[in-house]
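Chemist: Please find the sequence and the predicted model below.
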Amino acid sequence: MLSNVPTTPKFIQQYKHATSELNFLYNISTEWHQHPCIQLSLSLHRHELLTLSVQNETHSTHGFLIPSNVIHKLDSSNTCSMTLLIEPIDEHYHLFSHLTEELSVILLEHADIVAITDYLVKSFLCGEKPDTFTVYLLLRPYLPCHCQFDKRILKAVSFIESLSVKRISSRQVADKIYLSESRFLHLFRDQLGINFRAYLLWLRLSDAIGEIHMTDSLTLIANNCGFSDTAHFSRTCKMAYGIRPSDLKHIIQQNLQFNCKTSQCLYNINKQSIHSITEEQLPHEKGVNLQVM
């Protein structure tokens, strides 16, 4: 559980896109958790390391890439960091999954960390959606891949995501795309790397955390998003993000801005670089306080 120490403020801010999420964190430590996204995490301080724990291993590093569904915890105490989460439905997800097929953790080289951090920070400051294919190319030369998403599963995912409350049976979705329920469930797991029920829960959680800044009632959020009760919401949040929604809400309510005072913070360096190129005002850096990896 997060400790509430006034002298060590914590910060979480997320910018959610259709198939990815960009998170800025400061002084955040998570508990053990796993989620269906490929995770790329980077320290923004040149002299401060992130601590990643995976199974029986602990790594201190400036940057790492881990596959989906890996149980892990992250400690970014006293440093700014950035995490890119790549959803299973992202069109380039499979390229990253090939990189991580045989490794539970990829520790990034310094040159890769600097290049990716520069790209992601500049994209954010310019109000642009990060392109996951560009991130992939900064990691590795492109290797031809013949993986293809089944259009029926894409249609199913699009239908599920259009629901205001993500509560629907696998049979109902299978009927929508003219498959038997058993065939749909097999194909869904094969394409997304996560079973249908777990994916529904992930989407409910995403919706719930998206509302966490809008009301003081976690019970209301849980009910609105399809959870059986607040305890179910809290357990799901902790299992997927390593943080309880009550702790997350406490951090968000501090209403802090991402304003690191460290001169060597890569966020500040890139911000100064962009300001030196143009005198035009950057798009207002406005985001929704959300979740932590």
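Modeler: Yes, it's here.
Chemist: Please enumerate the strands of the protein.
Modeler: Taking DSSP state E to define them, one finds strands in the chain at 11-16, 20-26, 38-43, 50-54, 57-61, 63-66, 72-75, 80-86, 106-107.
Chemist: can you tell me the distance between the two ends of stretch 209-229?
Modeler: 15 Å (C-alpha to C-alpha, to the nearest Å).
Chemist: Begin at 29 from now on, thanks
Modeler: Okay, residue one is now 29; in that scheme the one you just asked about reads as stretch 237-257.
Chemist: Name the residues of that stretch that are buried.
Modeler: For stretch 237-257, burial by neighbour count (16 or more other C-beta atoms under 10 Å) applies to 237-240, 246, 249-255. For glycine as for every other residue, the C-beta is placed from the backbone atoms N, C-alpha and C.
Chemist: before we move on, back to that, want to throw the strands of the chain into a markdown table with mean pLDDT, distance to His120 and mean neighbour count?
Modeler: Formatted as a markdown table, the entries for the strands of the chain read as follows, by pLDDT from 0 to 100; distance: least, C-beta to C-beta, whole Å; neighbours: other C-beta atoms under 10 Å:
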| stretch | mean pLDDT | distance to His120 | mean neighbour count |
| --- | --- | --- | --- |
| strand 39-44 | 80 | 17 | 20 |
| strand 48-54 | 88 | 10 | 22 |
| strand 66-71 | 96 | 10 | 25 |
| strand 78-82 | 96 | 23 | 18 |
| strand 85-89 | 95 | 23 | 13 |
| strand 91-94 | 97 | 13 | 22 |
| strand 100-103 | 96 | 22 | 20 |
| strand 108-114 | 93 | 7 | 23 |
| strand 134-135 | 96 | 16 | 17 |
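Chemist: Tell me which of these sits nearest to Thr145.
Modeler: Shortest separation from Thr145 across those is recorded for strand 66-71, at 5.1 Å, computed as C-beta to C-beta.
Chemist: now for that closest one, which elements pack on it?
Modeler: Using 3 or more C-beta pairs under 8 Å, 6 or more residues apart in numbering; DSSP states H and E as the contact test, the elements touching strand 66-71 are strand 78-82, strand 91-94, strand 108-114, helix 121-127, helix 138-153.
Chemist: For the residue nearest the centre of the chain, which residues count as its bridge partners?
Modeler: In the chain, the centroid-proximal residue (C-alpha atoms, centre = their mean) is Leu113; its distance is 3.3 Å. Leu113 has these beta-bridge partners by DSSP bridges: Glu49, Gln67.
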